[in-house]
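Compute the structure for the input listed below.
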Amino acid sequence: MKKVKLKVKEYDRGYIKDVSRKFNLSKISSRILLNRNITEYNEIEEFLNPDFKYFENAKNYKDLQRGCSRVLEAIDKNQKIIIYGDYDVDGVTSISQFILLLSKAGADVDYYVPERENEGYGISSEFVEKLKDNRIEADLVVTVDCGIAEIEKIACISEMNKDVVIIDHHQCKEELPPAYAVIDPKQKDCPSKNKHLCAAGLSFKFLKHLNTYLKVEDIEDVLLELACLGTIADIVDLFGDNRVIAKNGLRKINNTRLIGLKKLIEVSGIKDKEIESYHIGFIIAPRINAAGRMDTAKKAIKLMLSSDEQEAEKLALELEALNALRKQAESVIFEEAVNKIETDFLYKKSIIVVYGENWHEGVLGIVASKLTDKYEIPSVVISMKEGIGKGSARSLECVDIFEAFTAVKQYLLKYGGHKLAAGLTIEEKNINIFADELNSYIFSLNRDDSLNEIEADSYIEAKDVSFDLYKEICMFEPYGSGNPKPVFALKDAELKNIRKVGRDGSHLSFVLVKDNREISVIGFGKIGILEKVLTKPSAYVVTMSLNEFNGRKSIQLVLQNVEDSDKLDYSIDDEKMKVLNSVINKSKSKIIKTDIFVLVEKLNKIYNTKITAEEIICMLKKADNIQYALKNEVLYIKK
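So this is what the prediction gives:
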């Protein structure tokens with residue numbers, strides 16, 4: 001496990017005081033804003049009040065006006081329009097926006113979404129063939145959330161005298177496809193300042209501008225809901241136009257006019273909750289994604305477009321069932337991948353590349369994400385079928401995985417993506433050399449892999465843990481990429497009443513005491529850092545949340561990590577050490593294996609002492625003649 005070091009930026013106290021006074025904020029909240037590089041007064045005002053008056057003019061996007069003009073021409077001439085999109089939430093919500101507006105405008109419009117297993121990501125060969133032999137009729141193809149890397153296929157469609165308008169947000173290569181219009185803010189010559197819009201956000205901007213000509217009434221709020229879903233689900237940076245979409249879209253979603261979304265919220269069990277970015281990212285989006293992962297994304301699109309309550313409820317329940325299947329498949333592959341990684345010591349590499357036969361392609365990205373979280377290094381997970389591998393990668397802020405793939409592209413049949421996530425297609429014979437070369441490239445970046453540096457927005461004292469601060473930081477929602485939940489550091493606090501909680505015992509619950517105040521802390525899934533928590537860390541790295549129990553509300557801290565102390569400052573209590581040695585010496589086994597919380601209970605009951613888990617680990621750590629290991633809650637002591 002990497003050594004954790006805390007980083008808290010310092011700012012000019014005078015400027016923090018000025019920001020606090022001008023915007024009626026605490027100094028802690030002012031530091032949070034500055035940590036997001038929101039430093040100018042006009043930027044702060046826009047962040048705190050992300051109104052549509054700050055929305056960037058659509059004409060700043062290269063080719064957007066040209067693309068709109070072509071769609072208007074197709075509507076005017078009654079030409080057939082096909083919207084082609086990806087099978088994830090971003091693609092589903094982009095397609096749905098286009099169908100809703102264009103159908104109301106009287107366009108001859110339909111959509112096409114590829115099947116993940118048979119056609120894969122991007123513009124499929126099957127789609128191109130169907131256009132060629134007129135099994136699909138189209139005069140205009142609009143691609144959403146794909147197309148920017150499809151030079152040959154776009155050229156092939158154009159040669160059929162069919163125009164293509166690309167709306168994509170993925171990284172552009174040197175050569176662009178020969179489309180009628182290419183709308184991607186990551187183009188080098190696109191003057192837009194909002195480079196981080198996802199396809200749903202771009203589609204919303206495109207259609208909002210298009211509607212200045214079409215003048216379809218009572219539609220833009222619904223489009224905004226869909227754009228908000230895609231924006232939060234696609235984990236794009238939530239500042240600028242993305243923040244305008246997310247903040248205002250969440251308000252609309254909480255009174256949604258989309259029958260399908262309403263039913264999905266109901267079957268997800270969050271009907272009576274205020275929908276926040278968390279609910280979209282971790283509850284709603286996985287269910288929409290489950291359609292494309294486990295069956296067909298068409299079900300999710302039909303749900304978003306449904307105007308019939310019964311049909312919508314049926315589709316929502318289908319997505320709920322598919323999500324359960326997704327979890328099951330994900331769990332099986334994750335366990336297999338971890339076994340391969342541990343057996344072959346792949347976690348010692350700069351990047352994990354792991355593959356298996358016939359792994360379900362729909363969950364590879366999720367598994368890669370979980371592996372990256374577990375091992376704290378980038379991961380590539382590949383499913384092999386008949387000599388061809390299709391894979392997904394997830395990375396960390398310090399490694400641009402798209403650039404890494406570009407550096408070894410000679411071993412890939414196909415790849416695409418962006419900084420933190422990418423996909424690939426590879427021949428089986430190239431996997432080993434690809435993994436070696438990719439590892440060498442990332443190793444050459446000269447990162448310090450021994451240290452996990454965690455940034456906190458501010459140090460806090462016990463008195464700062466209050467409803468006032470909580471209400472203030474709620475103004476900064478929605479949280480997400482680029483605008484994470486504020487992180488705080490609490491130093492020099494005493495640990496009390498630590499225990500494992502949760503159905504599987506994977507969570508930690510304890511109390512921190514400082515300045516005669518007791519503060520409740522919960523660590524979701526943090527059993528893996530139990531030893532760090534028990535060995536007197538120099539600081540606890542936390543976020544703040546509202547806890548509601550039996551009608552009572554309180555502020556609790558949510559553990560993210562702890563900062564390792566440079567040296568364990570602990571004096572052994574001789575009497576308690578005698579008790580611990582007594583238990584060790586009485587054991588007939590050379591290695592004692594016990595649940596540390598059970599051991600604490602046993603010692604206190606038998607010896608009538610008041611020993612704690614923290615004291616046991618600190619004594620073992622300080623003792624020169626005892627070897628021990630703590631893996632989750634299981635303590636191993638070698639005699």
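
From residue 127, how far off is residue 386?
Using Cβ to Cβ, to the nearest Å, residue 386 is found at 22 Å from residue 127. C-beta here means a position set from N, CA and C on the backbone, and glycine is covered the same way.

of those two, who's got more company?
More crowded of residue 386 and residue 127, by other Cβ atoms under 10 Å: residue 127, with 22 against 7.

was I right about that one contacting residue 114?
Yes - counting by Cβ atoms under 8 Å, residue 127 does reach residue 114; the two are 6.7 Å apart.

which secondary structure elements does the helix ranked longest in the chain contact?
If you go by DSSP state H, the chain has its longest helix at helix 309-343. When contacts are defined as 3 or more Cβ pairs under 8 Å, 6 or more residues apart in numbering; DSSP states H and E, helix 309-343 sits against helix 259-267, helix 285-294, helix 298-305, strand 352-357, helix 364-375.

got the buried residues for the fourth one?
Residues 352, 353, 354, 355, 356 are the ones in strand 352-357 that count as buried (16 or more other Cβ atoms under 10 Å).

just the residues you listed now: which is nearest residue 298?
Nearest to residue 298 out of these is residue 356 (Cβ to Cβ; 28.0 Å).

got the contact list for the closest one?
333, 336, 337, 340, 382, 383, 384 (Cβ atoms under 8 Å, 6 or more residues apart in numbering).

Tell me the buried residues within these.
333, 337, 382, 383, 384.

for these, which one is nearest residue 399?
Taking Cβ to Cβ as the measure, residue 399 lies nearest residue 382 of the buried ones among the contacts of residue 356, at 17.9 Å.

Now that closest one: which helix or strand?
Taking DSSP states H and E as the criterion, residue 382 maps to strand 379-385.

now for that strand, which elements pack on it?
strand 352-357, helix 364-375, strand 388-394, strand 421-427, helix 431-443.

Check the ones you listed for me and report the most buried one.
Of all these, strand 388-394 carries the top mean neighbour count, a mean of 24, counting by mean count of other Cβ atoms under 10 Å.

For it, which outside residues touch it?
Contacts for strand 388-394 (Cβ under 8 Å, 6+ apart): 120, 355, 361, 364-365, 367-369, 371-372, 378-383, 401, 405, 413, 417, 420-428, 431.

burial count for the residue nearest to residue 573 when sequence neighbours are not counted?
The spatially closest residue to residue 573, leaving aside those adjacent along the chain, is residue 615, at 7.0 Å (Cβ to Cβ, 6 or more residues apart in numbering). Using other Cβ under 10 Å, residue 615 is surrounded by 20 other residues.

so residue 615 sits in a strand?
No - counting by DSSP: H, G, I helix; E, B strand; the rest coil, one finds residue 615 to be helix, located in no strand.

Can you tell me how far it is from residue 579?
10 Å.

what does residue 281 give?
47 Å.

ok so, going back, report the strands that pair with the strand holding residue 382, each with its relative direction.
When pairing is defined by DSSP bridges, strand 379-385 lines up against strand 352-357 (parallel), strand 388-394 (antiparallel).

Put together a markdown table for these, with mean pLDDT on each row.
Converted to a markdown table, the strands paired with strand 379-385 look like this (pLDDT from 0 to 100):
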| stretch | mean pLDDT |
| --- | --- |
| strand 352-357 | 96 |
| strand 388-394 | 95 |
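
can these go into a markdown table with extra columns for distance to residue 275?
Formatted as a markdown table, the strands paired with strand 379-385 follow (distance: least, Cβ to Cβ, whole Å):
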| stretch | distance to residue 275 |
| --- | --- |
| strand 352-357 | 35 |
| strand 388-394 | 26 |
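
Any idea which of those gets closest to residue 213?
Using Cβ to Cβ, the nearest of those to residue 213 is strand 388-394, at 39.1 Å.

Only C-alpha atoms, please: export that closest one in CSV.
This file holds the C-alpha atoms of strand 388-394, laid out as CSV (Å, rounded to 0.1, in the frame of the first residue of the first chain):
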residue,chain,number,x,y,z
ILE,A,388,-9.2,-10.9,-31.3
GLY,A,389,-9.3,-8.9,-28.1
LYS,A,390,-11.6,-6.0,-27.2
GLY,A,391,-10.7,-4.1,-24.1
SER,A,392,-11.4,-1.1,-21.9
ALA,A,393,-8.9,1.0,-19.9
ARG,A,394,-9.2,3.3,-16.9
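
Now do it against strand 421-427, angle only.
160 degrees (axes from the mean of the first three to the mean of the last three Cα atoms, to 10 degrees).

Tell me which helix or strand comes right after strand 388-394, heading toward the C-terminus.
Taking DSSP H and E, what comes next after strand 388-394 is helix 401-407.

Now that following helix: buried residues?
Buried-residue list, helix 401-407, by 16+ other Cβ under 10 Å: 401, 402, 404, 405.

tell me the pLDDT at the residue nearest to the last one when sequence neighbours are not counted?
Read that as residue 405. Leaving aside its chain neighbours, residue 405 sits nearest to residue 415 (4.6 Å; criterion: Cβ to Cβ, 6+ apart). Note on residue 415: pLDDT of 90.

helix/strand/coil for residue 415?
Following three-state DSSP, the label given to residue 415 is strand.

For beta bridges, what are the partners of it?
residue 424.

Count the residues that sit near it.
Neighbours of residue 415 (other Cβ under 10 Å): 23.

can you check residue 597 too?
Counted with other Cβ under 10 Å, residue 597 comes out at 16.

same question, residue 398
Count around residue 398 with other Cβ under 10 Å applied: 13.

Residue 259 now?
Residue 259: 19 neighbours (other Cβ under 10 Å).

Spit out the contact partners of it.
306, 307, 308, 309, 312 are the contacts of residue 259 under Cβ under 8 Å, 6+ apart.

Equivalent analysis for residue 532, please.
Applying Cβ under 8 Å, 6+ apart to residue 532 gives the contacts 1, 4, 561, 562, 564.

quick revisit: quick check, nearest of the buried residues of helix 401-407 to residue 486?
For these, the residue nearest residue 486 by Cβ to Cβ is residue 401; the value is 27.1 Å.

wait, isn't that closest one in contact with residue 379?
No - judged on Cβ under 8 Å, residue 401 makes no contact with residue 379 at a distance of 9.5 Å.

From residue 113, how far out is the residue positioned nearest the centre of the chain?
Compute the mean C-alpha point of the chain, and by Cα atoms, centre = their mean the closest residue is residue 235, 5.4 Å away. In this structure, residue 235 and residue 113 are 21 Å apart, going by Cβ to Cβ.

If we ignore the residues flanking it in sequence, what's nearest residue 627?
Counting by Cβ to Cβ, 6+ apart, residue 627 lies nearest to residue 638, which is 4.1 Å off, once chain neighbours are set aside.

is it true that that neighbour touches residue 620?
No - counting by Cβ under 8 Å, residue 638 stays clear of residue 620, with 10.5 Å between them.

Quick check: neighbours shared by those two?
With Cβ under 8 Å, 6+ apart as the test, residue 638 and residue 620 both reach 626, 628.

ok, those two, which is more surrounded?
A side-by-side neighbour count of residue 638 and residue 620, using other Cβ under 10 Å, places residue 620 first with 21 against 12.

So that one, which state does it fall into?
helix.

could you list every residue that touches it?
Counting by Cβ under 8 Å, 6+ apart, residue 620 has contacts 580, 626, 628, 637.

got the buried residues for stretch 303-310?
For stretch 303-310, the neighbour count (16+ other Cβ under 10 Å) marks 303, 304, 305, 306 as buried.
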